[in-house]
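Peer 1: structure for this input, please:
(one chain, ligands or ions: 1)
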Amino acid sequence: MNELTNFDQTAEARDIAYHMHAYTNAVRHAEVGPMIIEGGEGIYVEDNEGRRYIEGMAGLWSVGVGFNDQRLIKAATDQLQKLPFYHNFGHKSHAPAIDLAEQLIAIAPVPMSKVFYTNSGSEANDTVLKMIWYRSNAMGKPEKKKVISRMRGYHGVTIASASLTGLPNNHKSFDLPIDRVLHTMAPHFWKDGNPGETEEEFATRCANELEAMIQREGPETVAAFWAEPVMGAGGVVVPPKTYYEKIQAVLEKHDILFVADEVICGFGRTGNMFGSETMGIRPDVIVMSKQITSSYIPFSAIMMNDRVYGPIAEESNRIGTFGHGFTAGGHPLGAAVALANLAVIQDNDLVANARDVGAHLLGRLHGLADSPLVGEVRGIGLIAAVELVEDKATKSVSTAGKLGGLMNNAMMRNGLISRNMYDAVAFCPPLIITRAQADDLFEIVAKSLGELEAELGVA
Ligand code: PMP
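Peer 2: The predicted structure follows:
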């Protein structure tokens, strides 16, 4: 027996002894230990030493309604009393799954036909890839199986969804991506725009690169294009004007489906119910998770239009069944909490709040642009990032992630949980945040930036 199997040890020691963390340098974890969160209220969380933080990332871009919403808690406990589990295999169903499917179709940004339930963003994206392959076979186009996502895109960590993700740490040493998943350029104008190029010219270049990739691969072999309306984990990348218009023209020309991964953008984050509305996307498939239950319960869902659903339905009839589904897909607790979450968002008009407070916060963050360390401030609705640089002219840092890491630590010391993606620090607070709380958040960012400037001697 490990000598630390002893509850007299601190929680920190036991965490180091027994708990392998997600997205963590495991060796370093043994040195620095965990940050243990014990409770939450509204936009705040508290650690086990009684320190309170603004949760500037809404957990993992996900706790829209804040950390103690009683309607969600009641929906979960009521549902536990009534029917703690049932499934939807073999024609079975239950009221929360039916009610939620109907509501999702009702609020969809474009006409949608059916909802399929899964348990996480990764599982949902994985499922969509399988559905697309199944559909191509159904349509007698077995060669139409390649899909194109984008560098910096984030779609999850299962074998298929990690392949769709366009970030090096999700591929290195995992032997990914799998065949048939290709990555085109990210619409990151600040980083990848050429000198003198306008946003619209850059958007044209992105669309041309996509067109060239499709031609190279053979248009008849490409089934779908995958995109987060606004990229989250890749650094909060808001595409330039006309980008999606131009991308969609290419896709339509070659009969390629558009899969909108709304796992972060969905349910109000960008100032509309869906990021597809904010960005003018007409998706064939929408992937939802995180904010669908404010992450109180693991849950995800896929919406698809008839163009996608029709051939899949026929193929299931030909084979005898649609041979895919998860034990807990559409779990009654998750569906009940999602319904309550949607009601809270609608009753409190949190979508309008995201637009209003988001614009206010972004305006204040733009005020930091004069700092010698700030390369760009970007965002839309209630999602934003401040990109830090050592040299504004070359937009560079000597060691990638150094400034972002230092800034993140400074904000943490000052009571704000953020997250750095290399040198971009992200802000994605709960949708319930008020203007006054956004000001508090901003003051911590400004103070921390001042401390960082002093530390680096650039003030
Ligand atoms: N898609 C997007 C856009 C995401 O941000 C995430 C999670 N960060 C995922 C998919 C994967 O979701 P999960 O972690 O629930 O598998």
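Peer 1: next, count neighbours for the residue lying closest to residue 334 once chain neighbours are set aside.
Peer 2: If you skip the residues right next to it in sequence, residue 334 has residue 299 as its closest partner in space, 3.4 Å away by CB to CB, 6 or more residues apart in numbering. In short, each C-beta sits where N, CA and C put it, glycine included. Residue 299 is flanked by 28 other residues according to other CB atoms under 10 Å.
Peer 1: and if you look at residue 196?
Peer 2: 6.
Peer 1: show me what contacts it?
Peer 2: If a contact means CB atoms under 8 Å, 6 or more residues apart in numbering, then residue 196 has no contacts.
Peer 1: pull the CA atoms of stretch 443-459 into PDB?
Peer 2: As requested, C-alpha coordinates have been extracted for stretch 443-459 and formatted as PDB (Å, rounded to 0.1, in the frame of the first residue of the first chain):
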ATOM      1  CA  GLU A 443      -9.500  46.200 -12.700                       C
ATOM      2  CA  ILE A 444      -7.700  42.900 -11.900                       C
ATOM      3  CA  VAL A 445      -6.600  42.500 -15.500                       C
ATOM      4  CA  ALA A 446      -5.300  46.100 -15.600                       C
ATOM      5  CA  LYS A 447      -3.500  45.800 -12.200                       C
ATOM      6  CA  SER A 448      -1.900  42.500 -13.200                       C
ATOM      7  CA  LEU A 449      -0.700  43.900 -16.500                       C
ATOM      8  CA  GLY A 450       0.800  46.800 -14.600                       C
ATOM      9  CA  GLU A 451       2.600  44.400 -12.300                       C
ATOM     10  CA  LEU A 452       3.900  42.400 -15.300                       C
ATOM     11  CA  GLU A 453       5.200  45.500 -17.000                       C
ATOM     12  CA  ALA A 454       7.000  46.500 -13.700                       C
ATOM     13  CA  GLU A 455       8.400  42.900 -13.400                       C
ATOM     14  CA  LEU A 456       9.700  43.000 -16.900                       C
ATOM     15  CA  GLY A 457      10.900  46.600 -16.700                       C
ATOM     16  CA  VAL A 458       8.900  47.800 -19.700                       C
ATOM     17  CA  ALA A 459       6.600  50.200 -17.900                       C
END
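Peer 1: so for it, what gets flagged as buried?
Peer 2: The neighbour-count criterion (16 or more other CB atoms under 10 Å) identifies 444, 445, 446, 447, 448, 449, 451, 452 as the buried residues of stretch 443-459.
Peer 1: next one: stretch 400-408
Peer 2: Buried residues in stretch 400-408, defined by neighbour count with 16+ other CB under 10 Å: 402, 403, 404, 405, 406, 407, 408.
Peer 1: pull the residues that contact that stretch.
Peer 2: Applying CB under 8 Å, 6+ apart, the set of residues contacting stretch 400-408 is 373, 386, 388-390, 397, 418-425, 448-449, 452, 455.
Peer 1: now do the residue nearest to residue 16 when sequence neighbours are not counted against residue 98, distance only.
Peer 2: In space, and not counting its chain neighbours, residue 16 is closest to residue 30: 5.3 Å by CB to CB, 6+ apart. When CB to CB, to the nearest Å is the yardstick, residue 30 and residue 98 sit 48 Å from each other.
Peer 1: now do residue 248
Peer 2: Counting by CB to CB - residue 248 and residue 98 are separated by 32 Å.
Peer 1: neighbour count for these two, which is higher?
Peer 2: Neighbour totals were compared for residue 248 and residue 98, and residue 248 leads with 18 against 14 (other CB under 10 Å).
Peer 1: isn't the more buried one right up against residue 281?
Peer 2: Yes - taking CB atoms under 8 Å as the contact criterion, residue 248 and residue 281 are neighbours in contact, 7.1 Å apart.
Peer 1: which neighbours do the two have in common?
Peer 2: Counting by CB under 8 Å, 6+ apart, the contacts common to residue 248 and residue 281 are residue 258.
Peer 1: would you enumerate the residues in contact with the closest residue to the ligand within the stretch 51-200 of the chain?
Peer 2: Of the residues in the stretch 51-200 of the chain, the one nearest the ligand is residue 121, at a distance of 2.2 Å by CB to the nearest ligand atom. Counting by CB under 8 Å, 6+ apart, residue 121 makes contact with 155, 156, 161, 261, 263, 287, 289, 290, 300.
Peer 1: with adjacent residues omitted, what lies nearest to the first one?
Peer 2: In this case it means residue 155. Going by CB to CB, 6+ apart, residue 155 has residue 164 as its nearest residue, at 3.9 Å.
Peer 1: so the residue nearest to residue 334 makes contact with residue 263?
Peer 2: No - here residue 299 does not reach residue 263: they are 11.3 Å apart, not a contact under CB under 8 Å.
Peer 1: common neighbours of those two, please.
Peer 2: What both residue 299 and residue 263 touch, as defined by CB under 8 Å, 6+ apart, is the set residue 289.
Peer 1: host element of the nearest residue to residue 26 once chain neighbours are set aside?
Peer 2: Using CB to CB, 6+ apart and skipping residues adjacent in sequence, the residue nearest residue 26 is residue 20, 6.5 Å away. Residue 20 is part of no helix or strand, with elements assigned from DSSP states H and E.
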